[in-house]
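>>> just need the structure, nothing else, for what follows:
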Amino acid sequence: PMFKGWDIFIAQTPLLSPDHPLFFTSPWTASCNIIMLDHNRVVVEAHETTTIKAFKDWGFTVVPVPFRNFLPFGGSFHCATCDIRRHGELQSYF
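Numbers count the residues shown, from 1 in each chain. This is a model prediction of the structure:
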């Protein structure tokens, strides 16, 4: 089966207030839309403390960044960035 042997990281329920304006995105963007800087460091929205704790519990180094004001525009870190250089070989994870 696909992803055999993978550990599954369950996304934490977002702590985003229900009245936070979201026009082009889901509230899950607050806790799911992260970006990996390398195999150890992960950028997470600073207010998502349960997500930060979950990543720390898994052994990641968390870089909390306040980014809530970007969410109404349709995304978060992954959507707001673009790779300009990658190291290593192209890999398939499937």
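
>>> so for stretch 60-67, mean pLDDT?
For stretch 60-67, mean pLDDT rounds to 95.

>>> to clarify, my last question referred to stretch 35-54.
94.

>>> buried stuff in that stretch?
Buried residues in stretch 35-54, defined by neighbour count with 16 or more other Cβ atoms under 10 Å: Ile35, Val42, Val43, Val44, Glu45, His47, Glu48, Thr51, Ile52, Ala54. The C-beta positions use only the backbone N, C-alpha and C, and glycine is treated the same way.

>>> what's the closest of those to Phe67?
Nearest to Phe67 among the buried residues of stretch 35-54: Glu45, at 5.1 Å, using Cβ to Cβ.

>>> which ones are touching that closest one?
Ala30, Ser31, Asn33, Ile34, Thr51, Pro64, Val65, Pro66, Phe67, Arg68, Ser76, Phe77 (Cβ atoms under 8 Å, 6 or more residues apart in numbering).

>>> repeat that for Val63.
Val63 makes contact with Leu37, Arg41, Val42, Val43, Val44, according to Cβ under 8 Å, 6+ apart.

>>> could you find the closest non-adjacent residue to the first one?
Setting aside the residues directly before and after it, Leu37 is nearest to Val43 in space (Cβ to Cβ, 6 or more residues apart in numbering), at 6.4 Å.

>>> relative to the helix or strand containing that neighbour, what are the paired strands and their orientations?
Element membership for Val43, per DSSP states H and E: strand 41-45. Applying DSSP bridges to the sheet, strand 41-45 is found paired with strand 35-36 (antiparallel), strand 61-65 (parallel).

>>> do you know which of those strands lies nearest Phe9?
Smallest distance to Phe9 across the strands paired with strand 41-45 (Cβ to Cβ): 11.6 Å, for strand 35-36.

>>> and that closest one, how far out from the chain middle?
Distance of strand 35-36 from its chain centroid, counting by Cα atoms, centre = their mean, to the nearest Å, is 6 Å.
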